[in-house]
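Chemist: what follows is a predicted protein model with its sequence.
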Amino acid sequence: MRERGFSTVEMAQIASASYAVLAVSAYLAGWAIDRYIKAGGSANIGYKAIMAAAHGGAVLCMLAMAYGPQPLALAGIFVFQALCGASSPGVYAIPQILGGARATGRWVSIQNSAGNVAGIFAPALTGFIIDLTGQFTLACVLAAAMSLLGLVGWIGMLPKLEQIDWDAHAARSGSGS
């Protein structure tokens, strides 16, 4: 509203429509990944490719929102929501694949707890940045940098997407669980 000149009503409409895009995108991505895997595709490639595309695309969207004129910033919002929706199936399926029946609950709960830490600090940091600079630009650039780190994590840090052999891990570490 302050930087792009949208009214409160326009922002409410934009936000509502963008979340509808997210919902449709999540459904379509889940359907497409299931069909891909059912046809013999690799869950590793299917999920990691979408997560990488979502994080890489989010970087571009955040930069469009930060530096682009109103139409480009608006496009950035909608494409960002579509990418977030597309990555949604992987957020829950990947830890289920890695954890298996033995550790899915713990894995998902740790993942969600860690993710919520960002939800604790991001609004305060965003507010601090806006108070300091008077603009949202740096906050969007910081969000783009965090998404870039997410891209590195999904591609560089995530092992092959397959169930972890917890018994072999326990034997190596000397623990019984």
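Modeler: Received, thanks. Every value quoted in this text rests on a predicted model; they were computed, and no experiment measured them. Residues are numbered from 1 along each chain as shown.
Chemist: tell me which element Gln96 falls in.
Modeler: helix 70-133 (DSSP states H and E).
Chemist: what's that helix packed up against?
Modeler: Packing partners of helix 70-133 (3 or more C-beta pairs under 8 Å, 6 or more residues apart in numbering; DSSP states H and E): helix 8-38, helix 43-67, helix 137-152, helix 166-173. Heads up, the C-betas are built off the backbone N, CA and C, glycines and all.
Chemist: just want the angle from it to helix 137-152.
Modeler: Interaxial angle, helix 70-133 versus helix 137-152 (axes from the mean of the first three to the mean of the last three C-alpha atoms, to 10 degrees): 110 degrees.
Chemist: quick check: mean pLDDT across helix 70-133?
Modeler: For helix 70-133, the mean pLDDT works out to 92.
Chemist: so can I have TSV of the helices and strands packed on helix 70-133 showing mean pLDDT and mean neighbour count?
Modeler: As requested, these are exported to TSV (pLDDT from 0 to 100; neighbours: other C-beta atoms under 10 Å):
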stretch	mean pLDDT	mean neighbour count
helix 8-38	96	14
helix 43-67	94	20
helix 137-152	92	17
helix 166-173	74	11
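Chemist: columns distance to Leu83 on top of those, output as CSV?
Modeler: Listed next are the helices and strands packed on helix 70-133 as CSV, based on distance: least, C-beta to C-beta, whole Å:
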stretch, distance to Leu83
helix 8-38, 8
helix 43-67, 4
helix 137-152, 9
helix 166-173, 33
